[in-house]
Structure formats: C-alpha cells, structure tokens
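>>> What follows is a predicted structure for the sequence shown.
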Amino acid sequence: IGKKFIKLNILKLHSVGHDNFSTVIQLIMTMLFVAHVISCFWFFLANTNVETNWALDDDPSLYLNRTIPNLKVPLEYGVSLRWYLRSFYFTLATLTTVGFGDISPQNVVERVFTICLFIVGTVIFTFIIGSLEKIVAQLDVRSTLYQRKLNDLKAYIALRRFPLKLENACISYYEYLWEK
C-alpha cells in the first residue's frame, strides 16, 4: 500500500510540472496571437491617412510597388509581408516594452491606437507575470511536498527499523519516481 501511495503522489507531482509547461506554452501562444491581431490592425492603419502614416515614414519604398494607385496598402505578397513584419515588430516592441521609436505613429488615429496598445500591453504583461508567479509558487510547493514526503518516508523507515539495504532501496525508489 505504501508503494502505491508514494507512486501516486509522485505521478500527481509530475503532472503538475507538465501542466506548468503547457501553461507557459499557452501564454506564449496567446501573446503571439494577440500580437498578430493587433499587427493586422496596425498594418491597415497605414491606409487611414494618405498624407502621413507610419509606413510612409518608416519606408517610403514600400509605396512604390503597390498594386492599386489609390490604395495605400500593398497587395503584392512580398511587399505585404514586409509591411506585416514591420507591423508585428512594432506591436511586439510596444506590448513588451515601450517600443524602440524606429517605427512610430504619424497621425492622430495612429497615436490613439498606440495609447490603447500601451494599455493592452500593460494588462497582458500583468496577466503573464501573475501566471508565471503562480507557476513558480507551484514549483516551490512541489519541492516542499517532495521533501516532506521523503522525510515522512524516512521517519516511517526509522519507526519500523528497516534494514539499511531496504532503507536505501526505498529512498532510491522514491527519488527515482520523483525524477521520472
């Protein structure tokens, strides 16, 4: 019975570690998805003002290859990809820091959008930090629980006066289950 109890507790602790890893992956994927959606909006903001916009200020050569003369957003794949990558770069730089300033808003609509982006970035960053703090706290709990169970096992072994060889085998088995 004791062996099954120890194995069950180790399996529970192992699943907590797997859950933490999947939580981190989910946070990264969520951040990238949000950045993608925001990047798409930033990409199309270049079409809201034909006089000045972030794309024209960033790289005027992007406008040379547009497909439709009155349309500021390029329809050709290579040029659109360059615009999207610049949009994604701007979004990630703004969400994760305060931006670098190499791509900046050039009109009122873009400035309002960037202010909203700062607010969204703060909320997302706070959520991610809180989630990571929970993971770190769980890791500490796992370690503490492991040590407590190991101490309980050692106390039981001492109480029952196991032979030294059996004591070492029990402790080695518990550590083996923990590492697995």
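Received, thanks.

>>> use CA for all of it now, contacts and neighbours both
Fine.

>>> Check the offset of stretch 165-173 from the chain's centre.
Relative to the chain's own centre, stretch 165-173 is displaced by 40 Å; criterion: C-alpha atoms, centre = their mean, to the nearest Å.

>>> how about that stretch: buried residues?
167, 170-171 (16 or more other C-alpha atoms under 10 Å).

>>> now stretch 139-154
Neighbour counts over stretch 139-154 (16+ other C-alpha under 10 Å) mark 139, 142, 146, 149-150, 153-154 as buried.

>>> Kindly reformat the residues you listed as TSV and extend each row with distance to Thr126 and pLDDT.
Listed next are the buried residues of stretch 139-154 as TSV, based on distance: C-alpha to C-alpha, whole Å; pLDDT from 0 to 100:
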residue	distance to Thr126	pLDDT
Leu139	20	70
Arg142	24	75
Tyr146	30	84
Lys149	34	89
Leu150	36	89
Leu153	40	90
Lys154	42	91
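
>>> Contact partners for the spatially closest residue to Ser104 that is not a sequence neighbour?
Distances taken as C-alpha to C-alpha, 6 or more residues apart in numbering place Trp54 nearest to Ser104, at 6.0 Å, with adjacent residues excluded. When contacts are counted by C-alpha atoms under 8 Å, 6 or more residues apart in numbering, Trp54 is found next to 46, 103-106, 110.

>>> any idea how far Trp54 lies from Phe127?
Distance from Trp54 to Phe127, counting by C-alpha to C-alpha, to the nearest Å: 29 Å.

>>> repeat for Asn107
30 Å.

>>> Compare those two and say which one has the larger neighbour count.
Legend: neighbour count by other C-alpha atoms under 10 Å for Asn107 and Phe127, higher for Asn107 (16 against 13).

>>> Phi, psi for that one please.
Backbone torsions of Asn107, given as degrees, to the nearest 10, read phi -140, psi 180.

>>> so which helix or strand takes in the closest residue to Leu153 other than its chain neighbours?
Counting by C-alpha to C-alpha, 6+ apart, Leu153 lies nearest to Ile171, which is 7.7 Å off, once chain neighbours are set aside. Element membership for Ile171 (DSSP states H and E) is helix 164-179.
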